[in-house]
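Chemist: Build the 3D model from these lines:
(one chain, ligands or ions: 2)
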Amino acid sequence: MSERSTEKRLENAKRRGLLVVYTGEGKGKTTAALGAVFRALGRGYKVGVVQFIKGKWKTGEAKFAEKQENLDFAAMGEGFTWESDNLEVDKAAARKAWDKVDEMVRSDRYELIVLDELTYCVHYNFLDIDTILGTLTHRPERLHVIVTGRDADPKLIDAADIVTEMRKVKHSFDQGVPAQLGLDY
Ligand code: ATP
Ligand code: MG
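Modeler: Ligands and ions are numbered 1, 2, ... in the order given. Take a look at the predicted model:
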């Protein structure tokens, strides 16, 4: 067996899918998750990103995703009726998005899945934490999952392998500086 394929075998034997949570009040949660996406794509891995955010505008990351063949990107603003003042409609949209995540996880096609701002859906009772953990704890063994958003549920923190809390030391928003293209979105 060549040295190269032995190396590959060792790498695969070491591989273990981790559940990562980026939470807290400071800036950097989504950015950190997208950094891991960048890395995984660099390794030739298949990556899925689902953004549980309101709003119709396209983020820089959504635009970038269009050009990446190994990156499946879905934002709730498009394709889902998330932009509404009707809580029941929002709830239905969140459930529909979760069905999509469940399908992605079960497909066993991905090495990394990012669930951006998922914590808000739990916080506002659009999604049930036990349903979420049911999917995430039965994921394929090699699949890494990153969840971002403030106010992460204690059950999610308990189930996670890595939890990082972003702490705000300073933010330009407090000095009246609006969100900046290419840095914030
Ligand atoms: P980013 O997407 O920049 O990594 P984030 O995911 O940590 O930020 P979110 O709570 O998702 O933070 O907020 C998204 C937007 O709000 C971004 O434009 C970000 O710059 C801004 N933001 C993040 N933290 C703060 C804060 N503490 N005060 C004001 N604005 C913030
Ligand atoms: Mg974010």
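Chemist: For the rest of this, base every contact and every neighbour count on C-alpha atoms.
Modeler: Noted.
Chemist: and the helix or strand that contains residue 103, how far out from the chain's middle?
Modeler: For residue 103, the host element (DSSP states H and E) is helix 87-107. Between the centre of helix 87-107 and the centre of its chain there are 14 Å (Cα atoms, centre = their mean, to the nearest Å).
Chemist: Those residues of this protein touching ligand 1, which are they?
Modeler: By Cα under 6 Å from any ligand atom, the part of the chain that sits against ligand 1 consists of 25-31, 149, 168, 171, 173, 179, 184-185.
Chemist: sorry, back to before: name every strand pairing with the helix or strand just after the helix holding residue 103 and say which way it goes.
Modeler: Next helix or strand after helix 87-107 toward the C-terminus (DSSP H and E): strand 112-116. Taking DSSP bridges as the criterion, strand 112-116 forms sheet pairs with strand 47-51 (parallel), strand 144-148 (parallel).
Chemist: nearest to residue 41, of these?
Modeler: Across the strands paired with strand 112-116, residue 41 has its closest neighbour in strand 47-51 (7.0 Å, Cα to Cα).
Chemist: now what about that closest one, what contacts it?
Modeler: Residues outside strand 47-51 that contact it (Cα atoms under 8 Å, 6 or more residues apart in numbering) are 37, 40-41, 70-76, 101, 104, 110-118.
Chemist: Sweet, I'm off.
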